[in-house]
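Asker: can't give you the sequence, but here's the structure:
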């Protein structure tokens, strides 16, 4: 019987030190807008937080005195999750997709591979074009280079990251979307 392993989600509440769990004697207190409220003792900061019905959240303890933020903790978690999601949006990983040609490729197959390469480029990926030369095809390297160059031209406006180059028996080029 196969067992399923689930990845445990990290509870965001465990990552932050709150209110009475902050043990530093003096704290630099910042409010929700980022304005400094001053350097207060731990007890005074807790009293201020209770008066305003907010939480003290330890932001950083690597400075002297440590910085705490006076904010509603649920609102703070919401803002942190929102900031992390925004950061993930910009980090779309560009993968390299492969398109394999052959030296004596038919017109229909050529057009299909051009369309597939254009689709990959529209998605933001790079495209690695490979052309394997078998047996007597090794004597037709100039023909292979011409086919590769015509493929790159037909794909459209692209930037060539790696010019067509022989690597053993394979002619390889890498193209990407022009910025």
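Answerer: Arrived safely. Computed from a predicted model, the values in this text were never measured in an experiment. Numbers count the residues shown, from 1 in each chain.
Asker: Can you list the strands that the longest strand seen in the chain pairs with?
Answerer: Longest strand of the chain, by residue count under DSSP state E: strand 158-167. Within its sheet, strand 158-167 is paired with strand 170-177 (antiparallel), according to DSSP bridges.
Asker: in the partner strand, what counts as buried?
Answerer: 171-177 (16 or more other CB atoms under 10 Å). Bear in mind the C-beta positions are built from the backbone N, C-alpha and C, glycine included.
Asker: how about the helices in this protein?
Answerer: For the chain, the helices defined by DSSP state H occupy 42-51, 73-90, 107-122, 141-155.
Asker: Lowest mean pLDDT across those, which one is that?
Answerer: Lowest mean pLDDT within these: helix 73-90, a mean of 82.
Asker: From the contact counts, what lies against it?
Answerer: Helices and strands touching helix 73-90, by 3 or more CB pairs under 8 Å, 6 or more residues apart in numbering; DSSP states H and E, are strand 55-60.
Asker: The strand it packs on versus helix 42-51: what angle between them?
Answerer: Relative orientation of strand 55-60 versus helix 42-51 (axes from the mean of the first three to the mean of the last three CA atoms, to 10 degrees): 130 degrees.
Asker: For strand 55-60, buried residues please.
Answerer: Under 16+ other CB under 10 Å, the buried positions of strand 55-60 are 55-59.
Asker: Is it correct that residue 37 is in contact with residue 48?
Answerer: Yes - Residue 37 is within contact range of residue 48, at 7.2 Å (criterion: CB atoms under 8 Å).
Asker: give the contact list for residue 84.
Answerer: With CB atoms under 8 Å, 6 or more residues apart in numbering as the criterion, no residue contacts residue 84.
Asker: how close does it sit to residue 24?
Answerer: 26 Å (CB to CB, to the nearest Å).
Asker: domains of this structure?
Answerer: 12-87, 96-177 (automatic domain parsing).
Asker: I figured residue 145 hits residue 173, correct?
Answerer: No - Residue 145 is beyond contact range of residue 173, at 9.6 Å (criterion: CB under 8 Å).
Asker: now, which of the buried residues of strand 170-177 sits nearest residue 101?
Answerer: residue 171 (8.6 Å; CB to CB).
Asker: Enumerate every residue touching residue 178.
Answerer: 157-159.
Asker: try 10 Å
Answerer: With contacts defined as CB atoms under 10 Å, 6 or more residues apart in numbering, residue 178 is in contact with 121, 156-160.
Asker: still on that earlier bit, between the helices of the chain, which gets nearest to residue 134?
Answerer: helix 141-155 (11.2 Å).
Asker: circling back to that earlier point, to residue 18, which of the helices of the chain lies closest?
Answerer: helix 73-90 (6.4 Å).
Asker: buried stuff in that closest one?
Answerer: So, applying 16+ other CB under 10 Å, buried residues of helix 73-90: 73, 76-77.
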